[in-house]
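Student: fold the stuff below for me.
(one chain, ligands or ions: 1)
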Amino acid sequence: MATNPISLMASPRRGHYDAIIVGARCAGAATAMLLARAGLKVLAIDRKPYGSDTLSTHALMRPAVLQLWRWGLLEPLLKAGTPLVETTTFHYGDEEITVPLAGNLELPGLIAPRRTVLDRILVDAARKAGAEILHDVAVGDLFADTRGRIRGIEIRAAGRASLRVSAEIVVGADGIGSLVAKCVDAQPSRRGAVSAAHVYGYAPVEPGAGYHWYFRDGLAGSFIPTNDGLACIVASVPTSLFDQRFRLGHARARMDVLEALSPALAAQAARAPKDARLQAFRGVPGYIRQAHGPGWALVGDAGFFRDPITSHGISDALRDAESLARAILDGSQAAFATWQQRRDLIANQILDTTDAVAGFDWTLDDIGERHRRFSVVLKAEVQALAGQPAPARRASKPTTYRAPANQDKPPVEANLSRNRTGARP
Ligand SMILES: Cc1cc2nc3c(=O)[nH]c(=O)nc-3n(C[C@H](O)[C@H](O)[C@H](O)COP(=O)(O)OP(=O)(O)OC[C@H]3O[C@@H](n4cnc5c(N)ncnc54)[C@H](O)[C@@H]3O)c2cc1C
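Tutor: Reported below is the predicted structural model:
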């Protein structure tokens, strides 16, 4: 007998939550975990299955590893077989600079977990803290009240009336193509100037390998040890070159780039099984979007995207998840404004330095200087994160969570109206 797919769709347990989060990966699951740990009733929804992969490589930088340690998740990641990375080597043409990473208790080194591992561990931690997380469920729309304040989400399933669930705040953690950003018409405050294309696959690696970053003549590549005894090997090129050279097939063109960067890197990549799949990302210019409005906020790639070439997206997502959680828990207009100000300050620096590398307009003489500038930004970020207390509700908060002060009345069903872009009340 045919199974009815609609009957398999999980439904939220409540009709109203303190916070609903659209997207449950590094930004969404982390925000859900932090809010649930602070006692809020949280629903996070992702249209992809639990523990599924996504288009992303895995290199975590110091701010991300520090966050995971602070949240008690570094140990589960290491226990899941994620190798500790203790050196990072920059290859500028034929020159090699190796930097030891082994450090202290907080940062014993770096890690590059597969997204099937990292996102699952964040979701598990959010569930353990009491958040409700639904996978394989898509949010189709948001709804607003007559004043235009976002009041909740609509979940749609073919052949079934859409289901409305309301919340004090709806958080878009739904990535580059953010539905939440579209529905609220979140305006970009800045657009990046460049984009690069990245093509990656996996090959076996010996234990103890470090990160390797390669730069030569308008090409870049990386070697990132990850779970399951594999390294993720990436070829990065300007989008224009990708359009010319990769059009007729990714495998040969990627090998040519790796060979040009380093014959040793190409030999490592050649250890992959012949039929191993490659993933390609043609590139999207960076952007910084308005981060919040009445009843909504954006976190992770939904609000800020930078080219993957500096491997900083997950660090950004985890940092902004915590500062957004703080703003939500505080609830004041000032807290949201401060959150956006601080996010923009660091996001602008990261976008500047990332675009400087992703533009491929560097030479082997000045690329090292661009990396040093990026390292200064990372150090400042790590310093700002270290020593922060976990987000918590103010002691004076009532046990029932209330809409933040920048928002108005509680939802009144009769007042609700659709808020799709172009259909604002
Ligand atoms: C090729 C590539 C390589 C990268 N490499 C690195 C790296 O090495 N290191 C690093 O730090 N960063 C890297 N990044 C960046 C990193 O992947 C992102 O910054 C990070 O995934 C952002 O997390 P997020 O949670 O904001 O969004 P996402 O990971 O994109 O998650 C968004 C989730 O929202 C869900 N969703 C979307 N719409 C809906 C809807 N309507 N209803 C329900 N669910 C919805 C999606 O299913 C998805 O699971 C890379 C990115 C790319 C493209």
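Student: now for W362: which residues touch it?
Tutor: Residues near W362 by CB atoms under 8 Å, 6 or more residues apart in numbering: F215, A356, R370. Backbone N, C-alpha and C define where each C-beta goes, glycine included.
Student: the longest strand in the chain is where?
Tutor: Longest strand in the chain by number of residues (criterion: DSSP state E): strand 160-172.
Student: helix or strand right after it?
Tutor: Later in the chain than strand 160-172, the nearest helix or strand by DSSP states H and E is helix 179-184.
Student: could you pull up the mean pLDDT of that following helix?
Tutor: Averaged across helix 179-184, pLDDT comes to 97.
Student: what's the answer for stretch 337-345, then?
Tutor: pLDDT averaged over stretch 337-345 gives 94.
Student: would you mind pulling the contact partners of it?
Tutor: The contact list for stretch 337-345 (CB under 8 Å, 6+ apart) reads S189, I288, Q290, A291, H292, G303, F304, D320, S323, L324, R326, A327.
Student: if we can go back for a sec, for S262, state which of the contacts of W362 is nearest.
Tutor: Distance to S262 across the contacts of W362 (CB to CB) is lowest for F215, with 10.4 Å.
Student: are the helix or strand that contains the closest one and the ligand in contact anywhere?
Tutor: F215 belongs to strand 211-216 when elements are defined using DSSP H and E. No - Strand 211-216 stays clear of the ligand (CB under 6 Å from any ligand atom), getting no nearer than 9.8 Å.
Student: so which elements touch that strand?
Tutor: Counting contacts by 3 or more CB pairs under 8 Å, 6 or more residues apart in numbering; DSSP states H and E, strand 211-216 packs against strand 87-92, strand 219-225, helix 250-261.
Student: just these: most buried one?
Tutor: strand 219-225 (a mean of 24; mean count of other CB atoms under 10 Å).
Student: close to the ligand: what parts of the protein are there?
Tutor: So far as CB under 6 Å from any ligand atom goes, the chain lies against the ligand at 22-23, 25-28, 45-48, 54-60, 138-139, 173-175, 179, 198, 281, 300-302, 308, 311-315, 317.
Student: strands - which of these land there?
Tutor: Mapping those onto strands (DSSP E) picks out V22, I45, D46, V139, H198, F281.
Student: any idea what the second one is bridged to?
Tutor: So that's I45. I45 has the following beta-bridge partners by DSSP bridges: V22, L134.
Student: does it touch A29 like I think?
Tutor: No - here I45 lies out of contact with A29, judged by CB atoms under 8 Å, at a distance of 11.2 Å.
Student: between those two, who's got more neighbours?
Tutor: Each of I45 and A29 has its neighbours counted (other CB atoms under 10 Å); A29 has more, 29 against 26.
Student: which residues does the more buried one contact?
Tutor: A44, D119, L122, V123, A125, A126, I133 are the contacts of A29 under CB under 8 Å, 6+ apart.
Student: grab the nearest non-local neighbour of it.
Tutor: Nearest non-adjacent residue to A29, counting by CB to CB, 6 or more residues apart in numbering: L122, 3.7 Å away.
Student: pretty sure that neighbour belongs to a helix, no?
Tutor: Yes - applying DSSP: H, G, I helix; E, B strand; the rest coil, one finds L122 inside a helix.
Student: what is the neighbour count of it?
Tutor: 29.
Student: include mean pLDDT when you put the helices and strands packed on strand 211-216 into CSV, please.
Tutor: Formatted as CSV, those follow (pLDDT from 0 to 100):
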stretch, mean pLDDT
strand 87-92, 94
strand 219-225, 97
helix 250-261, 95
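Student: in TSV, list these along with distance to A235.
Tutor: Below are these laid out as TSV (distance: least, CB to CB, whole Å):
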stretch	distance to A235
strand 87-92	14
strand 219-225	5
helix 250-261	4
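Student: which one of those lies closest to W296?
Tutor: strand 219-225 (34.2 Å).
Student: average model confidence for the following helix or strand past the closest one?
Tutor: Counting by DSSP H and E, the next helix or strand C-terminal to strand 219-225 is strand 230-238. Regarding strand 230-238, the rounded mean pLDDT is 96.
Student: next, the buried residues of strand 230-238.
Tutor: Under the neighbour-count criterion of 16 or more other CB atoms under 10 Å, strand 230-238 has L230, A231, C232, I233, V234, A235, S236, V237, P238 buried.
Student: adjacent strands (with direction) for it?
Tutor: strand 196-204 (antiparallel), strand 219-225 (antiparallel).
Student: just how off-centre is that strand within its chain?
Tutor: Centroid displacement of strand 230-238 relative to its chain, using CA atoms, centre = their mean, to the nearest Å, is 19 Å.
Student: got the contact list for it?
Tutor: With contact meaning CB under 8 Å, 6+ apart, strand 230-238 is reached by 57-58, 112, 194, 196-205, 209, 218-226, 245-246, 253-254, 257-258, 261, 265, 268-269, 272, 308-309, 360.
Student: can you give the distance of stretch 292-312 from its chain's centre?
Tutor: On the basis of CA atoms, centre = their mean, stretch 292-312 sits 8 Å off its chain's mean C-alpha point.
Student: how about that stretch: buried residues?
Tutor: Buried residues in stretch 292-312, defined by neighbour count with 16+ other CB under 10 Å: 292-312.
Student: ends of it, how far apart?
Tutor: Stretch 292-312 has its terminal residues 22 Å apart, counting by CA to CA, to the nearest Å.
Student: what's the separation between H371 and E259?
Tutor: Look at H371 and E259: by CB to CB, to the nearest Å, they are 23 Å apart.
Student: and for L110?
Tutor: Distance of L110 to E259, given as CB to CB: 27 Å.
Student: how many neighbours does the closest residue to T310 other than its chain neighbours have?
Tutor: Leaving aside its chain neighbours, T310 sits nearest to T354 (4.5 Å; criterion: CB to CB, 6+ apart). T354 sits with 26 neighbouring residues when counted by other CB under 10 Å.
Student: show me where the chain dips below the pLDDT cut-off.
Tutor: 1-9, 102, 105-106, 157-160, 394-425 (pLDDT under 70).
Student: buried stuff in stretch 169-186?
Tutor: Buried, per 16+ other CB under 10 Å, within stretch 169-186: 169-175, 178-184, 186.
Student: quick revisit: for A334, find the nearest of the helices and strands packed on strand 211-216.
Tutor: Of all these, it is strand 87-92 that lies closest to A334, at 39.3 Å by CB to CB.
Student: tilt between that closest one and helix 250-261?
Tutor: Angle, strand 87-92 to helix 250-261, by axes from the mean of the first three to the mean of the last three CA atoms, to 10 degrees: 80 degrees.
Student: how about the contacts made by L378?
Tutor: Applying CB under 8 Å, 6+ apart to L378 gives the contacts M61, R62, P63.
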